[in-house]
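Peer 1: one predicted model, sequence on top.
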Amino acid sequence: MGWEWRQGSSLKYFTIPEWEAYGIQMGFSSRQGGVSDIPYKSLNLGLHVQDKPENVLEDRKLLLSELGAAWSDFALGEQVHGTNVAWVGEENGGRGLCNLDTVVQNIDGLLTQSLTGLMAMFADCVPVYFYHPVIKAVGIAHAGWKGTLGKICIRVLQELFQAGGKIEDCLIALGPSIGPCCYRIDQALAERFKSEFMQNCFLTPLGPGQFSLDLRKANRSLLIKAGVKPDNIWTTLACTACNSEDFFSYRRDGGITGRMAGWIRLL
Ligand SMILES: [Zn+2]
């Protein structure tokens, strides 16, 4: 059990059946089944990537329909590769869905205890999903190398803790993202990771001044160090750069590409 593909009524997406059994709607979209053209072909859910807005809105409509959701059932953050996180409630439903002006600004992590779903956009960065069954809270964070280095996943954990949730009860899922197979970084960035994390289990030397970075493993090590039980972390080896049929990849596609959505909602 763990992450698996599901063919829905109109779209294919990645999800964890065990989480659904807890009453959580969560998943990660594939690039298939939408209306956008190359290089955003075809289910591009990112409104900020120079795709035609009418196509993105149609793609978002297809996803919401698959999820049985209305436009006002989800909220989106701005995503600036920062470490700010924010709680949202039902008054925030619909923010960022129809246009960029209404996103929750300067935010890369969202939490809620309301029925408003949380959504974020990805094309290589790690989607980190949080579910706290005791305080009935969910969260999602966008962790690229900057967010990982800035430990955004710990910021979300701290919020759950301050809301009365024990860290040991927290469930985490790390979704599809660029894998160590495809994520090459230079010496300078590797050194920053080594000094910030005081370990380097997620770095593999590839040659002079070149390393591969496993962002999922880096986030996993942070979460475990913070008190999350290893058995409470679901992960996947799905690499967004390796699988061009299902995923957009910022690195593979040279920066001009679409976005997949990650979502989580209490039902
Ligand atoms: Zn790969």
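Peer 2: Yep, it's here.

Peer 1: distance between the ends of stretch 113-124?
Peer 2: Using CA to CA, to the nearest Å, one end of stretch 113-124 lies 28 Å from the other.

Peer 1: with stretch 26-40 instead?
Peer 2: Start and end residues of stretch 26-40 are separated by 23 Å (CA to CA).

Peer 1: now do the buried residues in it.
Peer 2: Using 16 or more other CB atoms under 10 Å as the test for burial, stretch 26-40 gives M26, G27, F28, S29, S30, R31, G33, G34, V35, S36, P39, Y40. Yep, even glycine has a C-beta here, placed from its N, CA and C like the rest.

Peer 1: out of those residues, what pair is the most spread apart?
Peer 2: The distance between the two most remote of the buried residues of stretch 26-40 (CB to CB) is 27.7 Å, for M26 and P39.

Peer 1: output the buried residues of stretch 26-40 in CSV; the columns should cover distance to the ion.
Peer 2: Formatted as CSV, those follow (distance: CB to the ion, whole Å):
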residue, distance to the ion
M26, 23
G27, 21
F28, 16
S29, 19
S30, 16
R31, 16
G33, 23
G34, 23
V35, 27
S36, 23
P39, 19
Y40, 21
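
Peer 1: make CSV from those and add secondary structure and pLDDT to it.
Peer 2: As requested, those are exported to CSV (DSSP: H, G, I helix; E, B strand; the rest coil; pLDDT from 0 to 100):
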residue, secondary structure, pLDDT
M26, strand, 98
G27, strand, 98
F28, strand, 98
S29, strand, 98
S30, coil, 98
R31, coil, 98
G33, coil, 97
G34, coil, 98
V35, coil, 98
S36, coil, 97
P39, coil, 97
Y40, coil, 97
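
Peer 1: of the residues you listed, closest to E18?
Peer 2: E18 has its nearest neighbour among those in M26, at 10.4 Å by CB to CB.

Peer 1: which residue of the protein sits farthest from its center?
Peer 2: P208 (31.7 Å; CA atoms, centre = their mean).

Peer 1: now the longest helix along the chain: mean pLDDT?
Peer 2: The residue-count maximum for a helix in the chain (DSSP state H) belongs to helix 53-67. Throughout helix 53-67, pLDDT has a mean value of 98.

Peer 1: repeat for stretch 189-209
Peer 2: Rounded mean pLDDT across stretch 189-209 is 93.

Peer 1: same question, stretch 112-124
Peer 2: 98.
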